[in-house]
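Predicted model and sequence below, questions to follow.
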Amino acid sequence: MHEWALAEGVVNTALEIAQNKNLRRVKTILLKVGEIQQIDLEVFDFALKELSKDTILEKAEIKYENFPAYLSCNVCGYKWSFYETFNKLNEEEKEAIHFVPETIHVYIKCPKCGSHDFEITEGRGVFIEDVL
Amino acid sequence: MHEWALAEGVVNTALEIAQNKNLRRVKTILLKVGEIQQIDLEVFDFALKELSKDTILEKAEIKYENFPAYLSCNVCGYKWSFYETFNKLNEEEKEAIHFVPETIHVYIKCPKCGSHDFEITEGRGVFIEDVL
Amino acid sequence: MKLIDPRLSIIEKRLENIKRIIPVASGKGGVGKSTVSAFLALLLKEKNYKVGLLDLDLYGPSLHIFLNNSHSFPKEEYGLIPVNINNIDFMSIIYFTQNKPLIMRGKELTDTLIEIFTITRWNPLDFLIIDMPPGMGEILLDLIRLINRLEFLIVTNSTRIAMETVEKLINFLKEQNIPILGLIENMKIGDQDFVREKCNSLGIPYIGNISFYDNLENYYGNYNEIINSPISKEISQIVNFFA
Amino acid sequence: MKLIDPRLSIIEKRLENIKRIIPVASGKGGVGKSTVSAFLALLLKEKNYKVGLLDLDLYGPSLHIFLNNSHSFPKEEYGLIPVNINNIDFMSIIYFTQNKPLIMRGKELTDTLIEIFTITRWNPLDFLIIDMPPGMGEILLDLIRLINRLEFLIVTNSTRIAMETVEKLINFLKEQNIPILGLIENMKIGDQDFVREKCNSLGIPYIGNISFYDNLENYYGNYNEIINSPISKEISQIVNFFA
Ligand SMILES: Nc1ncnc2c1ncn2[C@@H]1O[C@H](COP(=O)(O)OP(=O)(O)O)[C@@H](O)[C@H]1O
Ligand SMILES: Nc1ncnc2c1ncn2[C@@H]1O[C@H](COP(=O)(O)OP(=O)(O)O)[C@@H](O)[C@H]1O
Ligand SMILES: [Mg+2]
Ligand SMILES: [Mg+2]
Ligand SMILES: [Mg+2]
Ligand SMILES: [Mg+2]
Ligand code: NI
Ligand code: NI
Ligand SMILES: [Zn+2]
Ligand SMILES: [Zn+2]
């Protein structure tokens, strides 16, 4: 349900981009959806469509591209994909990361050296790739 | 004179790189020298040569490439080159930045919006580009 | 085209029904930013203002101790609705960390701050009090960068050690033309006037002082005791300063 | 090939003539990290140890006030030789900032820390005392990342508010297997034992406590007064703990 808050950001920003590009009607919105935020795509898509009503986004096709998430240890340099460690999380932990992805530092550590000091190099949250 | 301390880092690291590359003798060291640190190249070169004696770096040619420095404002987005604001600094300020480049945030602000919150996007300090 | 962060454009809208936004800051740690934030929120609410309280000390959140609440959870409703505690709308990182250590680098502080402002849906408020961390890094810089109607309340204690850092924050805010409501001298010891004089020379209002109370911690979490404590009486006069 | 930072490889060498490296940390601000660091350095030196003191609270440096020195400058000699103050080798960002506000983001904290370690040439030392900033960001994370023989000394005050954050730091260090010498309870108020009990349950030594001294600031900068002050007597016993 908090997907609505993120969807609002997308709609707002897409409208700004469309305006800057002088688009009279938006045909396509390209989104990259980061794995770490574990967006509920059904809710998100519904929210985007509702919030687009009566705007130039109304009939746009929204294309979702999955954005795989990678983590990189600042101590030992090891790189791994979010899904390698994802299954070790319980529901409460997953939900915390869903709301605030940076809390991943509480719940996940480097599989190689055990450090919590790692970087999310890709796939954190929702990004707009283009508005056409 | 504190250029010696930086030169020591370069020699140490170049030796490590050479070792990893299994070089028996180093022919060339490629350095990028960031404008912000205002390195005294004469002292630096002398230090590098002294510190290279009796190592596999001894006869290496050291190539210095000037690394122009750019600043980018985190508030208004304005980008400018370090030299645009450099001349407004007095000697004491230049020296502080020479020792610790990040103190640039004390002495320089964004020419457009006045913010001290900007990023050094390029040209901060000395980097090794390659050891051949 | 570079990837665009869709969150930035929504932050202002999230705050549009908030009349005044007051970060309680110092630069220095341990001077009473959180204590002042908590009392301020309670006492403004006692005056029937609608008050929100946001803990942005992400490494060391502490307002949940004053409010005696860490096991609630913000309601999910088109975003997150802050937890209502004694009629104060409260948001803290604590709800997502299980009170475990959260280490982060600066870039991640930025992302956390943006995320919190993006997903939190504040009810209409007269005041949003923001409890700031010590230091002059991302949380301060991004708050200033993203929200342009902040009114800073500065807190110090009576020592030169603290003022050394507090003065840096004040000078920075002044140079960046950020409004400063004034300074509160907390845990006042002795009857020296140097903090007040410092305010004069820095050109910012000296709002008042709060004494040192030995047994302050006994009140935490107990709403009625806090309201009737001697420290509340003292802080009430400070509240009158700006509301 | 990516650009390579030549500074990282030299840091260990810069510290090779230092026997013990002791960061004084807390997570929490204002609990007395700087006060403890300064007294510790002075009292160890009084015992004829060779002592270095490094202020890494880059936003709020304060050791120069204790030592009453901000206008010297480190000598340039194949790097920078720390300033010798009463036979303590001292290094601080203050020498490069003219005591003006230095705002920085995390990446820049990292670069500053690395630069300081790269260019500072410590004399041979028995102890390097490092005064840490509050928080659990770059300074803590990079110190741990770059130097692997740290022995942390933890400081708290007697309040639950402080321990809430201090406990997070302790848990973090323990999980990362970083050695902790123990904890000092500073500005002890009352005769509660909860800090000591917390140490027991966390499995770290409770080193001792320091009372609250009303007139502490009067001593700053005055070497002889500091050495003969009652607080020095109290801290001496703590010094015996690890030297
Ligand atoms: N007026 C006061 N009298 C006594 N103790 C106080 C007072 N104000 C704050 N404290 C105590 O000082 C410590 C630091 O206060 P806190 O509000 O956490 O500071 P900060 O948020 O600036 O780090 C806490 O233990 C708090 O209980
Ligand atoms: N034992 C003590 N008695 C009285 N005041 C103290 C004591 N220890 C520290 N202080 C004061 O408390 C404040 C915070 O101390 P400081 O050493 O700056 O803490 P930190 O470095 O943890 O932020 C300073 O004003 C200092 O003078
Ligand atoms: Mg959910
Ligand atoms: Mg020079
Ligand atoms: Mg606080
Ligand atoms: Mg300190
Ligand atoms: Ni959700
Ligand atoms: Ni030099
Ligand atoms: Zn690792
Ligand atoms: Zn600007």
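Structure's in. What do you need? Ligands and ions are numbered 1, 2, ... in the order given.

Look at residue A:32 and say how many residues are nearby.
19 (other CB atoms under 10 Å in any protein chain shown). Glycine gets a C-beta too; all of them are placed from N, C-alpha and C.

next one: residue A:56
By other CB under 10 Å, neighbour count at residue A:56 equals 16.

again, but for residue C:3
14.

looking at it, residue A:64 is touching residue A:31, isn't it?
Yes. Counting by CB atoms under 8 Å, residue A:31 is a contact partner of residue A:64 at 5.4 Å.

out of the two, which sits in the more crowded spot?
Between residue A:64 and residue A:31, counted using other CB under 10 Å, the more crowded position is residue A:31 (24 against 16).

For the more buried one, give me phi and psi.
Torsion angles at residue A:31 (phi, psi; degrees, to the nearest 10) stand at phi -120, psi 140.

these two touch, right, it and residue A:66?
No. In this structure, residue A:31 is not within contact of residue A:66 by CB under 8 Å, at 10.1 Å.

The worst-scoring helix or strand of chain A on mean pLDDT: what's the following helix or strand?
Within chain A, no helix or strand scores below helix A:82-86, which has a mean of 93 by mean pLDDT, DSSP states H and E. Using DSSP states H and E, the helix or strand that directly follows helix A:82-86 along the chain is helix A:91-99.

Could you list the low-pLDDT ranges of chain C?
C:1 (pLDDT under 70).

Now look at the lengthiest helix in chain A and say if it contacts chain C.
Secondary structure assigned by DSSP state H gives helix A:3-20 as the longest helix of chain A. Yes. Judged by CB under 8 Å from any CB of the partner chain, helix A:3-20 comes into contact with chain C at A:4-6, A:8-10, A:12-14, A:16-17.

What of stretch A:114-132?
Yes. Counting by CB under 8 Å from any CB, chain C has neighbours in stretch A:114-132: A:116-117, A:119-120, A:124-130.

Can you name the residues that contact the residue of chain A at minimum distance from ligand 7?
Proximity of chain A to ligand 7 (CB to the ion) peaks at residue A:2, 3.6 Å away. By CB atoms under 8 Å, 6 or more residues apart in numbering or on different chains, residue A:2 lies in contact with A:98-99, C:76, C:78-80, C:119.

likewise residue A:64?
Per CB under 8 Å, 6+ apart, neighbours of residue A:64: A:31, A:33, A:41, A:45.

any chance of those residues in JSON lines, plus secondary structure and pLDDT?
Formatted as JSON lines, the contacts of residue A:64 follow (DSSP: H, G, I helix; E, B strand; the rest coil; pLDDT from 0 to 100):
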{"residue": "A:31", "secondary structure": "strand", "pLDDT": "98"}
{"residue": "A:33", "secondary structure": "strand", "pLDDT": "98"}
{"residue": "A:41", "secondary structure": "helix", "pLDDT": "97"}
{"residue": "A:45", "secondary structure": "helix", "pLDDT": "98"}
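
which among these gets closest to ligand 5?
Ligand 5 lies nearest to residue A:33 out of the contacts of residue A:64, by CB to the ion, at 35.4 Å.

Tell me how many other residues surround that closest one.
Around residue A:33 there are 18 other residues, counting by other CB under 10 Å.

Is it bridged to anything, and to what?
residue A:66, residue A:126 (DSSP bridges).

Pretty sure it sits against residue A:68.
No. Using CB under 8 Å, residue A:33 is not in contact with residue A:68; the gap is 10.3 Å.

For the closest residue to residue C:131 other than its chain neighbours, identify the helix or strand it belongs to.
Setting aside the residues directly before and after it, residue C:131 is nearest to residue C:37 in space (CB to CB, 6 or more residues apart in numbering or on different chains), at 4.0 Å. Assigned by DSSP H and E, residue C:37 belongs to helix C:33-46.

angle of the helix or strand just after that helix against helix C:33-46?
As assigned by DSSP H and E, the chain's next helix or strand after helix C:33-46 is strand C:51-55. Angle between the axes of strand C:51-55 and helix C:33-46 is 170 degrees (criterion: axes from the mean of the first three to the mean of the last three CA atoms, to 10 degrees).

Show me which positions of stretch C:193-211 end up buried.
Neighbour counts over stretch C:193-211 (16 or more other CB atoms under 10 Å in any protein chain shown) mark C:195, C:198-199, C:202, C:204, C:206-210 as buried.

mind putting these in CSV, distance to residue D:25 and secondary structure included?
Output for the buried residues of stretch C:193-211, formatted as CSV (distance: CB to CB, whole Å; DSSP: H, G, I helix; E, B strand; the rest coil):
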residue, distance to residue D:25, secondary structure
C:195, 28, helix
C:198, 29, helix
C:199, 32, helix
C:202, 31, helix
C:204, 32, coil
C:206, 33, strand
C:207, 32, strand
C:208, 33, strand
C:209, 30, strand
C:210, 28, strand
